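Colleague: using only what follows, build the 3D model:
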Amino acid sequence: AVLDHFFDRVITSRIGTRLLLNSFAHDVDHPNVLAMAPGETENGDDEGPQSSYALEVIDTSCNAWKIAQRVAGAVMNEHPDGPRIQVSDDQPDFTFPFVPKHLQTILYEILVQCVVRTKAYRASRGDAVKDHPILCEMHQGHEELFIVIQDKSGGTITNSDLT
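Modeller: So this is what the prediction gives:
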């Protein structure tokens, strides 16, 4: 039922076709995954989407807070002179069916852009970058998760900023 609801919502999106093909290809190569109980893994470790009974790229217990924490750490390691990234969640144990790799990619791209833009903007003003953290907040809706990312970079780049 959880996967049926997930497919109803995602099938019409841009990732729907790719998602179905990847899941089908994975199921053909790993038929025992379909028989696994929640929490079981094929290789016995606790990492990866199979740790919460996932069909290849679909994780039925995706935890956005954990993903955001890992991504924020990776971005701060890549940009040690950049602003801190603070991740908060009103319900850090909230899980939902989603594609963790897509969430990871989206968060990574947005947070890197926030770091780069904040560094440039604060340098142009002579401010200390570390005094202006990037906030990544997660809020659970009725059937969705809202991720709000706030930075202090001065807004959207305009054409006058490029010249």
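
Colleague: in this structure, what helix or strand scores lowest on average pLDDT?
Modeller: The helix or strand of the chain with the poorest confidence is strand 54-55; it has a mean of 46 (mean pLDDT, DSSP states H and E).

Colleague: next SSE downstream of it?
Modeller: Next along the chain after strand 54-55, taking DSSP states H and E as the criterion, comes strand 58-62.

Colleague: so which elements touch that next one?
Modeller: helix 2-10, strand 96-98, helix 100-125 (3 or more C-beta pairs under 8 Å, 6 or more residues apart in numbering; DSSP states H and E). No exception for glycine: its C-beta is placed from N, CA and C like everyone else's.

Colleague: could you check the angle helix 2-10 makes with the longest one?
Modeller: Which is helix 100-125. 50 degrees (axes from the mean of the first three to the mean of the last three C-alpha atoms, to 10 degrees).

Colleague: could you list the buried residues of helix 100-125?
Modeller: 100, 102-104, 107-108, 110-112, 114-115, 117-119, 121-122 (16 or more other C-beta atoms under 10 Å).

Colleague: so for stretch 84-104, what gets flagged as buried?
Modeller: Quick answer for stretch 84-104 (16+ other C-beta under 10 Å): 85, 87, 89, 94-100, 102-104.

Colleague: what do you get for stretch 71-78?
Modeller: Applying 16+ other C-beta under 10 Å to stretch 71-78 flags Val71, Ala72, Ala74, Val75, Met76 as buried.

Colleague: among these, which are in strands?
Modeller: Within the buried residues of stretch 71-78, no residue falls in strands by DSSP state E.

Colleague: from the residues you listed, pick the one nearest Ala64.
Modeller: Nearest to Ala64 out of those is Val71 (C-beta to C-beta; 10.1 Å).

Colleague: mind checking pLDDT for the closest one?
Modeller: On pLDDT, Val71 comes in at 96.

Colleague: swap in the one 10 residues further on?
Modeller: pLDDT recorded at Asp81 is 92.

Colleague: what separates it from Phe94, distance-wise?
Modeller: 33 Å (C-beta to C-beta, to the nearest Å).
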